[in-house]
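*Asks:* Take a look and give me a structure for this.
(chains A and B, ligands or ions: 2)
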Amino acid sequence: MDLTAPAIEITGLDKFYGSFHALKGIDLCVAKGEKVVICGPSGSGKSTLIRCINQLEEHDSGAIRVFGTALDDSLASLDEIRREVGMVFQQFNLFPHMTVLENCTLAPMLVRKTARAEAEAIAMRYLEKVRIPDQAQKYPGQLSGGQQQRVAIARALCMQPEILLFDEPTSALDPEMIAEVLDVMVTLAQEGMTMVCVTHEMGFARKVADRVIFMDKGEIVEEAAPEAFFTAPRSERTRLFLSQVLGH
Amino acid sequence: MAGSTFWRSKSVRGIVLQGGFLALIAAVVIGATLTARDTLAAQGLTSGFGFLRKATGWEMNFSLLPTTTSDPYWWYLLMGLMNTLFMGLVGLTGASVLGLIVGLMRSGRNPAARLLGTLYIELFRNLPLILQLFFWYAMANALPAPRQSLEIGGALVNARGIYLPGLAIGPGTVALALLAVASGACLAVWVLAARRFRRMEPQGQRRLSLAALGAGLALAAVTVLAGHEPGTAWTSWPALAGLKVDGGFRIQPEVYALAIAIMTYGAAYVGEIVRGGFKAVGRGQMEAAAALGLSPWQVFSRVRMPLAFRAMLPILINQYVWLIKATTLGIAVGFSDFFMVIASSINHSGQTFEFIAILMGGFLLINFSLAAVLNRLNRAIALKGHQTTGVQ
Ligand SMILES: Nc1ncnc2c1ncn2[C@@H]1O[C@H](COP(=O)(O)OP(=O)(O)O)[C@@H](O)[C@H]1O
Ligand SMILES: [Mg+2]
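*Replies:* Ligands and ions are numbered 1, 2, ... in the order given. The predicted model follows:
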């Protein structure tokens, strides 16, 4: 881990599902502290791309580096990268058989070998940050969707990662719960977390993104600062997409 | 008017109907008992349980503690019950371990392993259990006569049984030592799994669990030491002595044939339950665990297995109760389980009603206790709240 190197450096990334070419020569560089929002139509490869970064999907060719550590075939590099890269999923994916607190302390204790008392103190700090410290002893099934997603964010934060990946974190939520999750994400962004977010929340993109990336059919079609992206998209495909999600 | 509102009350109506139903059942049972007593008295047979103290006069071919023909019926019944429990314990444990392996093979990625698992399940699940039992028993009897015993690493195998080298201690000591080891193992699992130990450090928890296991082993060692007669040899090796085998620890053909049949047949069903349990665990939870940096083993032991186990347990309980009942097939090869002891007792004493009552009581007791313990476990580990994703 070299914290002066770019947070994420992807070059010539290809990914196939059988004969289906899901990612076509993706190049992407994310600096430390940068917030990147990825959008694009369903099936364009957004999830596949961010899931390659922590190797939930294996890529077929190209290079991925996280703070200078190359993702090669070695388990050591994978462990190192997963420790520094947290992920938040659309479906929350909390562990239903553990309390909120246990969800948050499991990985720090097993992976970072943090003592329980310390892991719990860290967990409580992050549960306070996502504004649900009073739910620590409950089980995920006893919480609302918005609360579950905030626990999932706290759980990722407890590993004290350098980078957070979000895969449509608000898409499974009822409208009234989206704001409470976005608020937490905005706070994190303001505190300088490096973030890569797949989301269609254009308000969020405008507010926090340094860069917006538009993907279609496995390719990066366009990337620009939010202002330019929303007011003067260069590509026709981007314009079409924006008119659909913004509803005009 | 008052009468009609009284009848309209749902709870009152419920109580009256339930009460009436119970009274009807009681009337039938009492009526049947009285009629049976009259009939028996007319035939010169006496009822009651006094005969339990009489000697049986026949031999039991397998028991965990010594039996002789002068032992009373109640001792034989107790030994029969112990044999059923013993066969249940061996059969269920074996079926669970083998079933877990088969189920994991079927849910894994290796095509050869999957095929093997499928073949196993199709073969053992589709042949009647009694047929499989006869097959194993015939195989056991087809082994050579004692004089041509096969020797496998110090053990002698022939048609009269398998003779294992063992410690020169009595069967009671062996039972106690095994009990100590089993208790230690249960305690160790409990320490790892129970809610009350959840707040320990993982390392400390592991150490405490190992300590429990160690204590069980130490207790077993002390039991063996105490049970060993000073001045005699420590080990007992089976050896041919004329037409029979002396020494060693004999497992009779009917015992191991039944144990193998129950294990292999049960494993086919357990294997399917295990596979279903693993299928019910959402990929999302495992991906989340992997993304947090847990190793593949940690993902399996902390997330996949605990969630799969919760999905399996309710169905496993039925399967276990069913398998315990299946041990009664042992009568077909002459394994003296509870059922066979009852059958022989009826033949020798003629006290049909009493023995059948004892038989039903015994099995109800075993299966109710097993189901009660497992249901309690099931409730204790059930997932709390509404499950929206993952575990279906
Ligand atoms: N496990 C898989 N097997 C086969 N095809 C897949 C798999 N996962 C995703 N795909 C395909 O890859 C494409 C990109 O998927 P994904 O990255 O999930 O898109 P997005 O997140 O942008 O909606 C889609 O066409 C999808 O059907
Ligand atoms: Mg997606």
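
*Asks:* per-residue pLDDT, residue 245?
*Replies:* Since you didn't name a chain, this refers to chain A. Per-residue confidence (pLDDT) for A:Val245: 85.

*Asks:* Let me rephrase: I mean chain B.
*Replies:* Among the per-residue scores, B:Val245 holds a pLDDT of 82.

*Asks:* Residues touching the one helix or strand it maps to, excluding its own?
*Replies:* For B:Val245, the host element (DSSP states H and E) is strand B:244-246. Residues from elsewhere that reach strand B:244-246 (CB atoms under 8 Å, 6 or more residues apart in numbering or on different chains): B:Pro146, B:Ser149, B:Leu156, B:Asn158, B:Arg160, B:Tyr163, B:Pro238, B:Ala239, B:Leu240. Any C-beta I mention is one placed from the backbone N, CA and C, and that applies to glycine too.

*Asks:* Next to ligand 1 in this structure, residues from chain A, please.
*Replies:* Where chain A comes near ligand 1, counting by CB under 6 Å from any ligand atom, the residues are A:Tyr17, A:Phe20, A:Ala22, A:Gly40, A:Ser42, A:Gly43, A:Ser44, A:Gly45, A:Lys46, A:Ser47, A:Thr48.

*Asks:* could you check the distance from the residue most central in space within chain A over to A:Pro175?
*Replies:* Compute the mean C-alpha point of chain A, and by CA atoms, centre = their mean the closest residue is A:Leu165, 1.6 Å away. For A:Leu165, the distance to A:Pro175 equals 24 Å [CB to CB, to the nearest Å].

*Asks:* Equivalent analysis for B:Val12, please.
*Replies:* Separation of B:Val12 from A:Pro175 (CB to CB): 48 Å.

*Asks:* now the contacts of strand B:244-246 in JSON lines, with distance to chain A?
*Replies:* Shown next, in JSON lines, are the contacts of strand B:244-246 (distance: CB to the nearest CB, whole Å):
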{"residue": "B:Pro146", "distance to chain A": "54"}
{"residue": "B:Ser149", "distance to chain A": "51"}
{"residue": "B:Leu156", "distance to chain A": "48"}
{"residue": "B:Asn158", "distance to chain A": "50"}
{"residue": "B:Arg160", "distance to chain A": "50"}
{"residue": "B:Tyr163", "distance to chain A": "47"}
{"residue": "B:Pro238", "distance to chain A": "48"}
{"residue": "B:Ala239", "distance to chain A": "53"}
{"residue": "B:Leu240", "distance to chain A": "55"}
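
*Asks:* For these, which two are the farthest from each other?
*Replies:* Among the contacts of strand B:244-246, the pair separated by the greatest distance (CB to CB) is B:Arg160 and B:Ala239, at 14.0 Å.

*Asks:* Near chain B, which residues of chain A are found?
*Replies:* Residues of chain A lying close to chain B (CB under 8 Å from any CB of the partner chain) are A:54, A:56, A:79, A:82-83, A:85-87, A:89, A:91-97, A:102, A:106-107, A:109-111, A:115-116, A:138-143, A:145, A:152, A:155-156, A:159.

*Asks:* these two touch, right, B:Arg106 and B:Thr118?
*Replies:* Yes: using CB atoms under 8 Å, B:Arg106 makes contact with B:Thr118 at a distance of 6.4 Å.

*Asks:* so where's the chain shaky on pLDDT?
*Replies:* By default, I'm working from chain A. A:248 (pLDDT under 70).

*Asks:* nope, chain B please
*Replies:* For chain B, applying pLDDT under 70 flags the ranges B:1-7, B:44-47, B:388-392.

*Asks:* next structured bit after the lengthiest helix in it?
*Replies:* As assigned by DSSP state H, the longest helix anywhere in chain B is helix B:73-107. Once the chain leaves helix B:73-107, the next helix or strand it forms, by DSSP H and E, is helix B:111-126.

*Asks:* Restricting to C-alpha, output the helix or strand just after that following helix in PDB.
*Replies:* Downstream of helix B:111-126, the next assigned helix or strand under DSSP H and E is helix B:129-141. C-alpha atoms of helix B:129-141 as PDB (Å, rounded to 0.1, in the frame of the first residue of the first chain):
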ATOM      1  CA  LEU B 129     -34.300 -49.600   3.700                       C
ATOM      2  CA  ILE B 130     -35.100 -53.200   4.600                       C
ATOM      3  CA  LEU B 131     -33.500 -54.400   1.300                       C
ATOM      4  CA  GLN B 132     -30.400 -52.400   2.100                       C
ATOM      5  CA  LEU B 133     -30.300 -53.900   5.600                       C
ATOM      6  CA  PHE B 134     -30.500 -57.400   4.200                       C
ATOM      7  CA  PHE B 135     -27.800 -56.600   1.700                       C
ATOM      8  CA  TRP B 136     -25.300 -55.500   4.400                       C
ATOM      9  CA  TYR B 137     -26.300 -58.400   6.600                       C
ATOM     10  CA  ALA B 138     -25.700 -60.900   3.800                       C
ATOM     11  CA  MET B 139     -22.400 -59.200   3.000                       C
ATOM     12  CA  ALA B 140     -21.400 -59.600   6.700                       C
ATOM     13  CA  ASN B 141     -22.400 -63.200   6.700                       C
END
